[in-house]
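J.: Could you look at this predicted model? Sequence included:
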Amino acid sequence: MKKIEAIIRPEKLEKVSEALLEKGHYGMTVTEVRGRGAQRGIALQFRGKEILVDLIPKVKIEIVTEDEDLDGIVDIIKEYAHTGKNGDGKIFIYDIEKCLTVRDS
Amino acid sequence: MKKIEAIIRPEKLEKVSEALLEKGHYGMTVTEVRGRGAQRGIALQFRGKEILVDLIPKVKIEIVTEDEDLDGIVDIIKEYAHTGKNGDGKIFIYDIEKCLTVRDS
Amino acid sequence: MKKIEAIIRPEKLEKVSEALLEKGHYGMTVTEVRGRGAQRGIALQFRGKEILVDLIPKVKIEIVTEDEDLDGIVDIIKEYAHTGKNGDGKIFIYDIEKCLTVRDS
Ligand SMILES: Nc1ncnc2c1ncn2[C@@H]1O[C@H](COP(=O)(O)OP(=O)(O)OP(=O)(O)O)[C@@H](O)[C@H]1O
Ligand SMILES: Nc1ncnc2c1ncn2[C@@H]1O[C@H](COP(=O)(O)OP(=O)(O)OP(=O)(O)O)[C@@H](O)[C@H]1O
Ligand SMILES: Nc1ncnc2c1ncn2[C@@H]1O[C@H](COP(=O)(O)OP(=O)(O)OP(=O)(O)O)[C@@H](O)[C@H]1O
Ligand SMILES: [Mg+2]
Ligand SMILES: [Mg+2]
Ligand SMILES: [Mg+2]
């Protein structure tokens, strides 16, 4: 059992989410976050000065899945979150020991 | 050392939180999230049309604990977050390598 | 590859974040959370009554890093998030199996 944690552009959430649904991957948790990557923020021009916008709004998607679905889900995220520019996001993969459904208890 | 991550109904947070306190489990981190499970959202009637509310507000509770308290904490969450209907939530369990307290440094 | 998850005082975020940048640690994700630790909240006086403020606003910082940078990053967080009073925060460390950059796909 694995957890996929993807930090993507907020404007890509809808497309990624729909593509996952279409392929039958339903379970997912979404959190609003802020972040920076290897470029340490974006330099913006503001009233003639350069200011560094450090932490940029992003969306975190978490999906817990059986090992066999891992690659398929990662491929969907990579495809639908992709623009080719800096800031497209990161995907982290972890091991999960156990998953329980509260209703079953 | 384990991390328990539970995604539950927001309206169950207070009861789960109180029950944990009463049993002496204090440490806990709470995040507002949105999610969907195996039923892929809820179909609502809105002005005569059916719309799919895809990502429903949930609350994520994270608790890092010694292995010996794991089952007790999971049981409390299962008991107090439970309604028996779809959407009660999921509990994920991971290994944690290390835990530090910032004040001790 | 490791993930560092630090829950710190919101007012310490800026200093921690700047110190990380200065030492060349750029990548980071920040989430607004609420939490309680071993003291189970703070007792406040309100209109002559004591009320327990249970879940206090905190900030979660997540940093995924090569193993070799782990100790350096943890030391920066400990130094800049520290006041010496209860509630300074916790640092949790996990294993990460894999990290992908969406732009590279
Ligand atoms: N090392 C890291 N640890 C934790 N979160 C990170 C890390 N690197 C990036 N992130 C998160 O991912 C988001 C997107 O990062 P981003 O796509 O800019 O990564 P990058 O490595 O800089 O790749 P690129 O060169 O394509 O910009 C960041 O805003 C941050 O939330
Ligand atoms: N596979 C998953 N990965 C990540 N988060 C999930 C997953 N499944 C569910 N969740 C999270 O848990 C919340 C509650 O899920 P839910 O209780 O509906 O799970 P379920 O498996 O559909 O169980 P039930 O059949 O009882 O509804 C979701 O809103 C989502 O935030
Ligand atoms: N066991 C835990 N599991 C998950 N989150 C925790 C845990 N303990 C603390 N936290 C998170 O860390 C935040 C800060 O905790 P805090 O610094 O008060 O820890 P502590 O162990 O009580 O240390 P201190 O004695 O210095 O106060 C909490 O508000 C909560 O969000
Ligand atoms: Mg970048
Ligand atoms: Mg469900
Ligand atoms: Mg404390």
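T.: Sure, I can see it. Residues are numbered from 1 along each chain as shown, chains lettered A, B, ... in the order given. Ligands and ions are numbered 1, 2, ... in the order given.
J.: Write out the residues of chain A neighbouring chain B.
T.: A:3, A:17, A:21, A:26-31, A:64, A:94-103, A:105 (CB under 8 Å from any CB of the partner chain). For the C-beta atoms, the positions are set from N, CA and C on the backbone; glycine is no exception.
J.: could you redo the last one with a cut-off of 7 Å?
T.: Applying CB under 7 Å from any CB of the partner chain, one finds that chain A approaches chain B through A:3, A:17, A:21, A:26-31, A:64, A:94, A:96-103, A:105.
J.: among the residues you listed, which are in strands?
T.: When DSSP state E is applied, the residues of chain A next to chain B are split such that A:K3, A:M28, A:T29, A:V30, A:T31, A:V64, A:Y94, A:K98, A:C99, A:L100, A:T101 fall in strands.
J.: So what sits opposite the second one in the bridge?
T.: Same thing as A:M28. With DSSP bridges applied, A:M28 shows beta-bridge pairing to B:R36.
J.: for the first one, same thing?
T.: Beta bridges link A:K3 to A:V64, A:Y94, judged by DSSP bridges.
J.: Could you find the closest non-adjacent residue to A:E97?
T.: Taking CB to CB, 6 or more residues apart in numbering or on different chains, and ignoring the residues beside it in sequence, A:E97 has B:I93 as its nearest neighbour in space, at 4.7 Å.
J.: where does chain A dip in pLDDT?
T.: Across chain A, the stretches falling below the confidence threshold (pLDDT under 70) are A:41-43, A:51-53.
J.: picking up where we left off before, show me how to select, in PyMOL, the buried members of the ones in strands among the residues of chain A next to chain B.
T.: Buried residues within those, by 16 or more other CB atoms under 10 Å in any protein chain shown, are selected in PyMOL with:
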select buried, chain A and resi 3+28+29+30+31+64+94+99+100
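J.: Kindly reformat the ones in strands among the residues of chain A next to chain B as TSV containing distance to A:K49.
T.: What follows is those, written out as TSV (distance: CB to CB, whole Å):
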residue	distance to A:K49
A:K3	42
A:M28	40
A:T29	39
A:V30	35
A:T31	33
A:V64	45
A:Y94	41
A:K98	52
A:C99	50
A:L100	53
A:T101	53
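J.: and chain A, which residues reach ligand 4?
T.: The interface of chain A toward ligand 4, taken as CB under 5 Å from the ion, is made up of A:G37, A:A38, A:Q39, A:N86, A:G87.
J.: what's the first-to-last distance across stretch A:87-103?
T.: The stretch stretch A:87-103 measures 38 Å between its terminal residues, going by CA to CA, to the nearest Å.
J.: Mind listing what's buried along it?
T.: By neighbour count with 16+ other CB under 10 Å, stretch A:87-103 contains the buried residues A:G87, A:D88, A:G89, A:K90, A:I91, A:F92, A:I93, A:Y94, A:C99, A:L100, A:V102, A:R103.
J.: Stretch A:55-63 near ligand 2 at all?
T.: Yes. Applying CB under 6 Å from any ligand atom, one finds that stretch A:55-63 is in contact with ligand 2 at A:E62, A:I63.
J.: Show me the helices in chain A, by range?
T.: Residue ranges of the helices in chain A, as given by DSSP state H, are A:13-22, A:70-81.
J.: which of the residues in the last one are buried?
T.: In terms of neighbour count (16+ other CB under 10 Å), helix A:70-81 has its buried residues at A:L70, A:I73, A:V74, A:I76, A:I77, A:K78, A:Y80, A:A81.
J.: Against A:K2, how distant is A:Y94?
T.: A:Y94 sits 7 Å away from A:K2, taking CB to CB, to the nearest Å as the criterion.
J.: My error: substitute A:D69 in the last question.
T.: To A:K2, A:D69 is 9 Å away according to CB to CB.
J.: Between the two, which has more neighbouring residues?
T.: Neighbours were counted for A:D69 and for A:K2 using other CB atoms under 10 Å in any protein chain shown; A:K2 has more, 19 against 15.
J.: any idea what sits nearest that one, other than its immediate chain neighbours?
T.: Closest residue in space to A:K2, ignoring its immediate chain neighbours: A:L70 at 5.1 Å, by CB to CB, 6+ apart.
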